[in-house]
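A.B. asks: have a look; sequence and predicted model below, questions after that.
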Amino acid sequence: MTTGTVQPVLAIHGGCGAIPKDELTPDFNRAARDALHRALQAGFAVLTAGGPASDAVTEAVAVMEDDPVFNAGYGAALNRAGHHELDSALMDGQSGMAGAVAGARRIRHPVRAARALAEVADPLLLVGDAADEWAARHGLEVVDNTFFTTPSRREALERMLEREREGTLSAAPERDKHGTVGAAALDRHGHLAAATSTGGYTAKPAGRVGDSPIIGAGTWADDRTCALSGTGKGELFIRRSLGHEIHARMLYQGASLTQAAGAMIQEMTDLGGGAGLCAVDRHGNVALPYNTEGMYRGWITAQGVHVAIHEN
């Protein structure tokens, strides 16, 4: 595509573990929508300046990693041992380069580590202490693990552990089960990128890694088809290679983004898992399907900004 001929677009999600509509307070509603707006504006500023999609998704996700409304970075979920283990990935649709971290404990913005790793892509994925040490060596901000803890996340852990003792874990609300943030973008040069970041789910086993840092599962970008970031039951996303499956349906079957993404969310529904995603295709079409009561989400183009939680 010729430089300057493409209208840039950015789509984001803040997780399909949205607070039920009847429990959403006016204050939280405003906070969530404001955070979505700020993330969209940060990412779109990169696109309007002619920057690459990979930088746009990084900036959008970094804003959400700083906001405790979401389950990523500051305010991330606690595992059953009472620690934060953070996962993130980024993929560039033009080059196919990708980077990811899993089980990181000290990286202030895991998405920035994923972005930096995508520059080399060898190693592509680093885990645990190795990820933290690599980030520190490459000048990224590292903090103590307790930096990410908020009172609400501590309370959520206590609720989940109590449910486990009572045998009522399956009745836990979506907001306590999981949460993720992600972004997908098309830049003015016609290139796509996607990024995802998460704290996993509350009371997850120590060392558990979900779909977010797995390229082809929760994160995917290819200029031939689409860029996407998933949120939901990560184990199911990994088993079905959700991101790559959407790409394959578009590339080999000729499915539209809406058709391919919708079909995969339906598969997750059939398997009994909460799921959602944000996606942008090479033509600038946006898809934001989900099967839960709500999903924090939004998109932005030159024509305007749109954010939503429960409403269509």
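C.D. replies: In hand now; what should we look at?

A.B. asks: next, the buried residues of stretch 23-32.
C.D. replies: For stretch 23-32, a neighbour-count test (16 or more other Cβ atoms under 10 Å) marks A32 as buried. The way it works is simple: take the backbone N, C-alpha and C, and place the C-beta from them, glycine included.

A.B. asks: nope, stretch 72-88 is what I was after
C.D. replies: 72-79, 84-88.

A.B. asks: taking those residues one by one, which sit in strands?
C.D. replies: Counting by DSSP state E, those place 86-88 in strands.

A.B. asks: hang on, R112 packs against T58?
C.D. replies: Yes. In this structure, R112 is within contact of T58 by Cβ atoms under 8 Å, at 6.4 Å.

A.B. asks: in the buried residues of stretch 72-88, find the pair that's most separated.
C.D. replies: L78 and S88 (17.3 Å; Cβ to Cβ).

A.B. asks: and the residue nearest to the spatial centre of the chain, helix, strand or coil?
C.D. replies: Nearest to the geometric centre of the chain sits G182, at 2.6 Å (Cα atoms, centre = their mean). When classified by DSSP: H, G, I helix; E, B strand; the rest coil, G182 comes out as strand.

A.B. asks: give me the beta-bridge partners of it?
C.D. replies: Counting by DSSP bridges, G182 is bridged to H13, T196.

A.B. asks: and G128, what does it touch?
C.D. replies: When contacts are counted by Cβ atoms under 8 Å, 6 or more residues apart in numbering, G128 touches 85, 102-105.

A.B. asks: following the helix or strand where N29 lies, which helix or strand shows up next?
C.D. replies: Counting by DSSP states H and E, the element that carries N29 is helix 26-48. Using DSSP H and E, the helix or strand that follows helix 26-48 towards the C-terminus is helix 53-65.

A.B. asks: show me how far that next one is from its chain's centre.
C.D. replies: Chain-centre distance of helix 53-65: 10 Å, with Cα atoms, centre = their mean, to the nearest Å.

A.B. asks: how near is the closest residue to H83 other than its chain neighbours to G82?
C.D. replies: Counting by Cβ to Cβ, 6 or more residues apart in numbering, H83 lies nearest to N145, which is 5.8 Å off, once chain neighbours are set aside. When distance is defined by Cβ to Cβ, to the nearest Å, N145 is 10 Å away from G82.

A.B. asks: kindly report the same for R106.
C.D. replies: 16 Å.

A.B. asks: now do R188
C.D. replies: Note on R188: its distance to G82, by Cβ to Cβ, is 45 Å.

A.B. asks: same question, D27
C.D. replies: For D27 relative to G82 (Cβ to Cβ), the value is 27 Å.

A.B. asks: I'd guessed G82 sits against L157; true?
C.D. replies: Yes. When contacts are counted by Cβ under 8 Å, G82 is listed as touching L157 (6.7 Å).

A.B. asks: is it true that W134 touches P110?
C.D. replies: No. Applying Cβ under 8 Å as the test, W134 and P110 come out as separate, 11.8 Å apart.

A.B. asks: quick one, which of these two is more surrounded?
C.D. replies: Comparing W134 with P110 by other Cβ atoms under 10 Å, the one with more neighbours is P110, at 35 against 18.

A.B. asks: spatially nearest residue to the more buried one (excluding sequence neighbours)?
C.D. replies: S88 (3.5 Å).

A.B. asks: give me phi/psi at Q7?
C.D. replies: phi -80, psi 120 (degrees, to the nearest 10).

A.B. asks: return the residues in contact with it.
C.D. replies: Neighbour list for Q7: 188, 284, 301-302 [criterion: Cβ under 8 Å, 6+ apart].

A.B. asks: now G207: how far from G218?
C.D. replies: From G207 across to G218, the span is 18 Å (Cβ to Cβ).

A.B. asks: okay, those two: which has more neighbours?
C.D. replies: Between G207 and G218, counted using other Cβ under 10 Å, the more crowded position is G218 (29 against 12).

A.B. asks: picking up where we left off before, the residue nearest to the centre of the chain and S54: what is the separation?
C.D. replies: From G182 over to S54 the distance is 14 Å, taken as Cβ to Cβ.

A.B. asks: find residues that contact each of the two.
C.D. replies: Shared contacts of G182 and S54, defined by Cβ under 8 Å, 6+ apart, are found at A195.

A.B. asks: show me the shaky parts of the stretch 101-250 of the chain.
C.D. replies: The stretch 101-250 of the chain contains residues with pLDDT under 70 at 174-175, 177-178.

A.B. asks: so where do the helices sit in it?
C.D. replies: In the stretch 101-250 of the chain, the helices defined using DSSP state H, counting those that start in this stretch lie at 110-120, 128-137, 151-166, 174-177, 234-240, 242-253.

A.B. asks: now the helix holding N29: how far from the chain's centre is it?
C.D. replies: Averaging C-alpha positions (Cα atoms, centre = their mean) puts helix 26-48 15 Å from its chain's average.
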